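> coords below, sequence missing:
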């Protein structure tokens with residue numbers, strides 16, 4: 001297992017918009033480069049992507065939670 005940290009400070013979002021489904025669910029298999037969420041900084045949104053192939057074991061922060069640089073967001077197995 002490995003934790004994936006935030007590359008920048010901001011607000012973490014698990015879905016592209018409030019009306020849409022979450023990018024990924026716990027237990028889902030993901031591939032390197034796949035979007036796991038968004039980080040918003042001053043109205044600019046940056047994709048938060050998987051650094052490697054794996055399975056989403058756990059989200060370590062809640063949707064719309066503020067994150068800091070280096071803070072672990074998700075655990076991949």
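Received it, and whenever you're ready, just let me know what you need. Quick caveat, the model's predicted, so the values are computed rather than measured.

> so how far is residue 50 from residue 22?
Noted for residue 22: a distance of 14 Å to residue 50, by Cβ to Cβ, to the nearest Å. C-beta here means a position set from N, CA and C on the backbone, and glycine is covered the same way.

> who's more crowded, these two?
Higher neighbour count among residue 22 and residue 50: residue 50, with 18 against 15, using other Cβ atoms under 10 Å.

> wait, that one touches residue 33, no?
Yes: assessed by Cβ atoms under 8 Å, residue 50 is found in contact with residue 33 at 6.5 Å.

> what's the end-to-end length of stretch 37-50?
10 Å (Cα to Cα, to the nearest Å).

> report the beta-bridge partners for residue 39.
Judged by DSSP bridges, the bridge partners of residue 39 are residue 12, residue 46.

> repeat for residue 59
residue 74.
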